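Peer 1: from the sequence below, what's the structure:
(chains A and B)
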Protein chains: 2
Amino acid sequence: MHSLDFLQEKINTSFDLREDSYFNRAFLREPNELYEPIAYAMSQGGKRIRPLLTLMGADLFQGDLDKALYPAHGVEILHNFTLLHDDIMDLSPLRRGEETVYKKFGTNAAILSGDTMFALAFKYILEEEFVSMSSPLEVISIMNTLNTASIEICQGQAMDMAFEKREDVSIEEYIEMIRLKTAVLLAAALKMGAISSGAKKEDIDNLYSFGENIGLAFQLQDDILDCWSNLEDFGKVTGTDIADNKKTFLYLKALERANPSQKEELLNYFSSHSFDRMEKEMAVKKIYEDLNIRSIAKEKMQEYHDNAMKSLEKIEIDILRKANLIKFAEMLMVRNK
Amino acid sequence: MHSLDFLQEKINTSFDLREDSYFNRAFLREPNELYEPIAYAMSQGGKRIRPLLTLMGADLFQGDLDKALYPAHGVEILHNFTLLHDDIMDLSPLRRGEETVYKKFGTNAAILSGDTMFALAFKYILEEEFVSMSSPLEVISIMNTLNTASIEICQGQAMDMAFEKREDVSIEEYIEMIRLKTAVLLAAALKMGAISSGAKKEDIDNLYSFGENIGLAFQLQDDILDCWSNLEDFGKVTGTDIADNKKTFLYLKALERANPSQKEELLNYFSSHSFDRMEKEMAVKKIYEDLNIRSIAKEKMQEYHDNAMKSLEKIEIDILRKANLIKFAEMLMVRNK
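Peer 2: Okay, here's the model as predicted:
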């Protein structure tokens, strides 16, 4: 088994656009109008969590890591495509502290480069080198995993946008939305690694379930960090969910538990963008704190974490091989960004 | 062999969203915010040329037409996805005489529904039913064909947008742009049908080349029709290429052949959007006519048509089986819309 640091380093090197790697040579270079925004988006970095998960999924079943790099590149470029298009839809000016692609290159370039990245995601998996290392049914199964996830991400994003206009979003619906928008791709990343290593079906399904639950915990942690973190630690502006009237778990749970006057205050604050940002944030956070929302969210996160661990236990391999995934899940729980 | 009418009817029925067909049951229905724009785009119709080509490609090699319907649906939904996103980029208000998706549902819905359609295109090919009818390598090859075409279409669209800002576009570059933007998907449509029927590699390559050349002829015909057709026949507003300063084959060939004063006039007209539309159209068409551009374009079209026929001849099957493709190519040459 490889250490988490080794896997992370392998991912970082492989995604370094300055390296003379196979993946860089395979990278689309023409025309420049298309290449530049893609290279910009991919070089902005980020944590590369999804490709790391693919390598971890492969390593769990003693698979070939160089082989797993193909779906790892696929999932990361697909993820970045979704960010690119989401940023257009959400009018987000910044991503990872830098201008978003649509701000820097214009909306049309961002739409088209995003589309191309979507196709490139599949291209990595259809590469001759990868196909020749794999059984054809493995390739189809990996394609199917990535494609299904991409449809589900679109469904999640559509639900997210629809929620903005709705007053009656349930917590169940919110969980389903973040499952589709965030969790399934983390699960798919792990699953593709496992498939590429020839894991058996039940183990793959349990690993997928681990990923889905970790993904839900991850998103709840994100909601919590957006509310209670600070800019330096989190790496992005905090309090944006409240400013944007985003119906997060925190908000929906608060509504559920609020007394009539708190409910009225919350509904009022979340019905407009014209409030003073600081005043609104403080008032809403006061209600969250009075209603113990942070603890409740942390409990819910823990619940998903526990579910993830249960799924991981069911996978029929030596527990020692599971150490990386256990460590990774722990890191997600205590992260501050 | 089946008649062209039979194949067209099979396609029309299969794409009728009111039918209780497998393809409709497989169609994504949730959430409604995502489904509605997709259903709207797909129900706008159009000529369904690409799926027809897939069936023709399959029929050429006596393949199973019901099996070929899967990639046929894939290629048509992919094509409609490209139109949907192109309409956003080009700010086109109308498509097939109706409001475009982004005009009717908004830009965000159009971006996201387009992304979903892209994924659905691959979903049809990854469907269990299709995979179970096919050899796994066939499925991979079909996926690869569609994916490569989609990357090339993005490249073509990027070139097309870049040409708007350039004064030095060569005819060669223009041909490469329309090859990528239009021809490769027609070629890919045929190729997927042939692959699904187990055709041998050389025959598939020759059929692809037939499709590419037909595609180039098709686009030149489009340029000609946009200039010299009338609204009722063509089904869309004519003269738009001139009004939009689009650097078509006609314009580039005219520039090449123009005397200094004609060249100055052309460059002047194509440098601004502020001219009176009718006056500009008449003046530019006058230059085109003086320079014999229509005949030259028709000759070029004929050249591609002849190349297509040569590729078709090389395919090692009874010439009688080729009748549909020959007829189809003829129809393209004399169409008025």
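
Peer 1: how about the contacts made by the residue nearest to residue A:221 when sequence neighbours are not counted?
Peer 2: Sequence neighbours aside, residue A:301 is the residue nearest to residue A:221 in space, at 5.9 Å (criterion: C-beta to C-beta, 6 or more residues apart in numbering or on different chains). C-beta: built from backbone N, CA, C; applies to glycine. Counting by C-beta atoms under 8 Å, 6 or more residues apart in numbering or on different chains, residue A:301 makes contact with A:217, A:220, A:221, A:224, A:333.

Peer 1: what does residue A:245 give?
Peer 2: Residue A:245 is in contact with A:164, A:269, A:270, A:271, A:272, A:273, counting by C-beta under 8 Å, 6+ apart.

Peer 1: ok, the closest residue to the fourth one other than its chain neighbours to chain B distance?
Peer 2: Looking back up the chat, that one is residue A:271. Using C-beta to C-beta, 6+ apart and skipping the chain neighbours, the partner closest in space to residue A:271 is residue A:245 (7.4 Å). Computed as C-beta to the nearest C-beta, to the nearest Å, the residue A:245 to chain B distance reads 17 Å.

Peer 1: OK, contacts around the closest residue to chain B within chain A?
Peer 2: Nearest residue of chain A to chain B (C-beta to the nearest C-beta) works out as residue A:136 at 3.3 Å. Residues near residue A:136 by C-beta under 8 Å, 6+ apart: B:135, B:136, B:137, B:139, B:140.

Peer 1: need phi/psi at the second one.
Peer 2: As for residue B:136, its main-chain torsions (degrees, to the nearest 10) stand at phi -60, psi -40.

Peer 1: distance check, it against residue A:177.
Peer 2: Per C-beta to C-beta, to the nearest Å, residue B:136 is found 35 Å from residue A:177.

Peer 1: same thing with residue A:72?
Peer 2: Taking C-beta to C-beta, one finds residue A:72 at 26 Å from residue A:177.

Peer 1: what about those two, which has more around it?
Peer 2: residue A:72 (32 against 23; other C-beta atoms under 10 Å in any protein chain shown).

Peer 1: can you give me the buried ones in the one helix or strand the more buried one maps to?
Peer 2: Taking DSSP states H and E as the definition, one finds residue A:72 inside helix A:65-90. For helix A:65-90, the neighbour count (16 or more other C-beta atoms under 10 Å in any protein chain shown) marks A:65, A:67-90 as buried.

Peer 1: residue A:335 is in contact with residue A:221, correct?
Peer 2: Yes: using C-beta atoms under 8 Å, residue A:221 is in contact with residue A:335, at 6.7 Å.

Peer 1: which strands or helices does the helix or strand hosting residue A:325 pack on?
Peer 2: For residue A:325, the enclosing helix or strand under DSSP H and E is helix A:323-334. Secondary-structure packing of helix A:323-334 (3 or more C-beta pairs under 8 Å, 6 or more residues apart in numbering or on different chains; DSSP states H and E): helix A:4-14, helix A:49-60, helix A:201-228, helix A:293-314.

Peer 1: so which bits of chain A are right by chain B?
Peer 2: Contact residues, chain A versus chain B (C-beta under 8 Å from any C-beta of the partner chain): A:28, A:30-31, A:33-34, A:85, A:88-89, A:108-109, A:111-112, A:114-116, A:118-120, A:122-123, A:126, A:131, A:135-137, A:139-140, A:143-144, A:147-148, A:150-151, A:154-155, A:157-159, A:161-162.

Peer 1: buried subset of the residues you listed?
Peer 2: Among the residues of chain A next to chain B, those scoring as buried are A:28, A:31, A:33-34, A:85, A:88-89, A:108-109, A:111-112, A:114-116, A:118-120, A:122-123, A:126, A:131, A:139-140, A:143-144, A:147-148, A:150-151, A:154-155, A:157-159, A:161-162 (criterion: 16+ other C-beta under 10 Å).

Peer 1: please name the nearest non-neighbouring residue to the residue of chain A closest to chain B.
Peer 2: In space, residue A:136 is closest to residue B:136, 3.3 Å off (C-beta to C-beta, 6+ apart).

Peer 1: how about residue A:229?
Peer 2: Residue nearest to residue A:229 in three dimensions, not counting chain neighbours: residue A:238, with 5.2 Å by C-beta to C-beta, 6+ apart.

Peer 1: cool, residue A:95 as well?
Peer 2: residue A:87 (6.0 Å).

Peer 1: do the same with residue A:186
Peer 2: Counting by C-beta to C-beta, 6+ apart, residue A:186 lies nearest to residue A:215, which is 4.0 Å off, once chain neighbours are set aside.

Peer 1: what count of nearby residues applies to the one you found?
Peer 2: Counted with other C-beta under 10 Å, the neighbours of residue A:215 add up to 27.

Peer 1: touching, it and residue A:187? I think so.
Peer 2: Yes: assessed by C-beta under 8 Å, residue A:215 is found in contact with residue A:187 at 6.2 Å.

Peer 1: which ones are touching the residue nearest to residue A:4 when sequence neighbours are not counted?
Peer 2: Spatial nearest neighbour of residue A:4, chain neighbours left out: residue A:324 (5.1 Å); criterion: C-beta to C-beta, 6+ apart. Residue A:324 is in contact with A:1, A:2, A:3, A:4, A:7, A:56, A:59, A:60, counting by C-beta under 8 Å, 6+ apart.

Peer 1: looking at chain A, which helix or strand does the model trust least?
Peer 2: Of all the helices and strands that make up chain A, helix A:231-234 has the lowest average by mean pLDDT, DSSP states H and E, namely a mean of 59.

Peer 1: which parts of stretch A:301-316 are buried?
Peer 2: Neighbour counts over stretch A:301-316 (16+ other C-beta under 10 Å) mark A:301, A:304, A:305, A:307, A:308, A:309, A:311, A:312, A:315 as buried.

Peer 1: JSON lines for those residues, including pLDDT?
Peer 2: Output for those, formatted as JSON lines (pLDDT from 0 to 100):
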{"residue": "A:301", "pLDDT": "96"}
{"residue": "A:304", "pLDDT": "97"}
{"residue": "A:305", "pLDDT": "96"}
{"residue": "A:307", "pLDDT": "97"}
{"residue": "A:308", "pLDDT": "97"}
{"residue": "A:309", "pLDDT": "97"}
{"residue": "A:311", "pLDDT": "98"}
{"residue": "A:312", "pLDDT": "98"}
{"residue": "A:315", "pLDDT": "97"}
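
Peer 1: widest-spaced pair of the residues you listed?
Peer 2: Using C-beta to C-beta, the buried residues of stretch A:301-316 span at most 22.0 Å, a distance reached by A:301 and A:315.

Peer 1: returning to that earlier point: more neighbours, residue A:221 and residue A:335?
Peer 2: A side-by-side neighbour count of residue A:221 and residue A:335, using other C-beta under 10 Å, places residue A:221 first with 21 against 15.

Peer 1: any regions of chain A where pLDDT drops low?
Peer 2: In the predicted model of chain A, residues A:20, A:22-23, A:25-28, A:230-237, A:336-337 satisfy pLDDT under 70.

Peer 1: thought residue A:226 was touching residue A:240?
Peer 2: Yes: at 6.1 Å, residue A:226 counts as touching residue A:240 under the criterion of C-beta under 8 Å.

Peer 1: still on that earlier bit, now the buried residues of stretch A:301-316 in TSV, with distance to residue A:282?
Peer 2: What follows is these, written out as TSV (distance: C-beta to C-beta, whole Å):
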residue	distance to residue A:282
A:301	24
A:304	29
A:305	30
A:307	34
A:308	34
A:309	37
A:311	39
A:312	40
A:315	45
